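Participant: I need the structure of the sequence given here:
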Amino acid sequence: MMKITVINTGGTFNKRYNPIKGQLEVPKDNIALNKIIESCHNVQFDIKNIISKDSLDMTDVDRERICTEIQNSISDNIIIIHGTDTIHLTSAMIKKRIVDKKIVFTGAMVPMSIDESEATMNFSMALGFLSANPSLGTYIAMHGVVVNSSKLVKNREEGKFLIQE
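Facilitator: Here you go, the predicted model:
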């Protein structure tokens with residue numbers, strides 16, 4: 001059975017509408033993730049819900065915490081759920097510091113609570129990629145591809161991630 005550590009840091013993937021405050025919030029739970037993984041019967045997940053922030057609010061202290069969680073993980077297969085606005089900053093830091101694991105960042109531009117398809121697809125791509133036993137490294141799984149983390153960039157004008165050659 002494949003073992004995967006999932007580090008859930010929040011981001012749009014997890015956001016839910018708070019009717020009392022009238023805004024989307026990043027909750028401190030794994031409801032969005034749990035909905036996806038309940039269908040994964042051949043994977044053992046170790047879920048670490050560690051930050052619960054929009055990525056625009058993440059700091060270098062948060063990124064250090066992610067590094068520590070990866071280094072302390074008993075699994076060499078890591079999926080990091082991360083907000084899309086600063087996924088490039090965190091993945092660049094991880095890529096420089098951790099070279100002995102297979103790390104796949106993923107997230108969503110639309111909250112799973114609003115539309116399940118994008119978050120489910122992106123997480124499933126990350127999971128499938130790891131099940132194919134890729135080379136050690138840091139990757140991003142978004143919008144139909146899984147590539148080296150330095151090759152996928154968020155195009156803010158178009159609202160999607162594109163491969164940068």
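
Participant: Please enumerate the strands of the protein.
Facilitator: For the chain, strands defined by DSSP state E occupy the ranges 2-10, 16-18, 23-25, 43-53, 77-81, 102-106, 137-142, 145-148, 152-155, 160-163.

Participant: To residue 118, which of those strands lies closest?
Facilitator: Residue 118 lies closest to strand 137-142 among the strands of the chain, at 8.9 Å (Cβ to Cβ). (Each C-beta comes from the backbone N, C-alpha and C, glycine too.)

Participant: State the mean pLDDT of stretch 88-106.
Facilitator: When pLDDT is averaged along stretch 88-106, the result is 97.

Participant: Which helix runs longest in the chain?
Facilitator: helix 116-131 (DSSP state H).

Participant: Any chance you could list what contacts that one?
Facilitator: 2, 4, 13, 32-33, 35-36, 40, 43, 77, 79, 81, 102, 104-112, 139, 141-146 (Cβ atoms under 8 Å, 6 or more residues apart in numbering).

Participant: Redo the strands of the chain as a markdown table? Include distance to residue 96 and mean neighbour count.
Facilitator: Shown next, in a markdown table, are these (distance: least, Cβ to Cβ, whole Å; neighbours: other Cβ atoms under 10 Å):
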| stretch | distance to residue 96 | mean neighbour count |
| --- | --- | --- |
| strand 2-10 | 17 | 22 |
| strand 16-18 | 33 | 13 |
| strand 23-25 | 32 | 13 |
| strand 43-53 | 20 | 17 |
| strand 77-81 | 15 | 26 |
| strand 102-106 | 12 | 26 |
| strand 137-142 | 9 | 25 |
| strand 145-148 | 13 | 16 |
| strand 152-155 | 17 | 17 |
| strand 160-163 | 21 | 16 |
